[in-house]
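Novice: Generate coordinates for the sequence data below:
(one chain, ligands or ions: 1)
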Amino acid sequence: MKTYNVGVLVGSLRKESFNKKVANLLVEVAPKNINFEFIEIGNLPLFDEDLDQGNPPQSWANLREKVTNLDAFLFVTPEYNRSVPAALKNALDIASRPWGQNVWSGKPAAVVSVSIGAIGGFGANHHLRQTLAFLNMPTMAQPEAYVGNAMSIFDENGKLINEESKEFYVNFMQAFAHHIDVNTEK
Ligand code: FNR
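Specialist: Numbering: from 1, shown residues only. Here you go, the predicted structure:
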C-alpha cells in the first residue's frame with residue numbers, strides 16, 4: 001500500500017477548539033498508510049500582493065514549500081458568519097500565488113466542518129469547496145461531514161462521549177484514503 005503525507009489545516013486558532021479535537025480524532029482513526037502534518041496558519045501575515053515583489057515573508061515561503069511537498073490536504077473548519085474563517089482563507093490565498101504558481105493545484109482534499117450550531121457549518125463547508133474547486137483541488141464529494149452540536153461530542157478530558165459515532169469518522173477517513181489514491185498520479 002502506498003504511503004501518503006497529508007497536511008491538516010484547522011480553521012480555528014483557539015487552544016480548546018472543537019475543530020482541533022475533531023481533527024485529532026480523524027488523524028487517530030485514519031488508515032495507517034497516511035502520515036499527517038498539522039500546518040500552522042495563525043502566524044501568517046495577511047496576504048498582500050505587494051509583499052511578493054522582492055522577498056516575501058519567510059512564513060509564506062515555508063507554507064508554499066510545505067504545500068508543494070505534501071500529497072493531499074484535510075481541512076477542518078468552523079463556520080464564521082456563514083463562511084470560512086479569515087485565517088484559513090489567508091493560507092489558501094498565500095499558497096495560490098504568485099500567479100501561475102498555485103501549489104495547491106492537483107492535490108486531493110477533504111472538508112470537515114465543525115460547529116456548535118445544529119447545521120454543522122454547512123455554509124463554511126461549501127464556501128470552502130468553492131475555493132478548492134477554483135484552486136483545482138479534487139475534493140471528496142461523499143461522504144460529507146457536517147459536525148454539529150460540537151460541545152456535546154467530547155467530555156472534559158477530550159474523550160469522545162458517544163463511542164458509536166467513531167464509526168462515522170473511521171468511514172470518512174477510509175473514504176478519504178481511497179480518494180487520495182484514485183486522485184494521485186501513479
Ligand atoms: C461563530 N460561530 C458560528 N457558528 C455557526 O454555526 N455559524 C456561524 O455562522 C458562526 N459564526 C461565528 C462567527 C464568529 C466570529 C465566531 C467566533 C463564532 C460559532 C462557532 O461555531 C463556535 O465558536 C465554534 O466553537 C468555533 O469552532 P472552534 O473554535 O471550537 O473550533
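
Novice: So the residue nearest to the spatial centre of the chain: helix, strand or coil?
Specialist: Centrality entry for the chain: nearest residue to the mean C-alpha point is residue 75, 1.3 Å, by CA atoms, centre = their mean. Secondary structure assignment for residue 75 (DSSP: H, G, I helix; E, B strand; the rest coil): strand.

Novice: wait, doesn't it sit right on residue 7?
Specialist: No. Under the criterion of CB atoms under 8 Å, residue 75 is not in contact with residue 7, lying 9.3 Å apart. C-beta coordinates here come from the backbone N, C-alpha and C atoms, glycine included.

Novice: can you give me the helices for this structure?
Specialist: 18-29, 58-69, 86-94, 122-134, 166-182 (DSSP state H).

Novice: Rebuild those helices as TSV, extending it with distance to the ligand and mean pLDDT.
Specialist: What follows is the helices of the chain, written out as TSV (distance: least, CB to the nearest ligand atom, whole Å; pLDDT from 0 to 100):
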stretch	distance to the ligand	mean pLDDT
helix 18-29	3	97
helix 58-69	21	98
helix 86-94	9	98
helix 122-134	6	98
helix 166-182	16	97
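
Novice: Nearest to residue 104, out of those?
Specialist: Closest to residue 104 of the helices of the chain is helix 58-69 (CB to CB; 6.2 Å).
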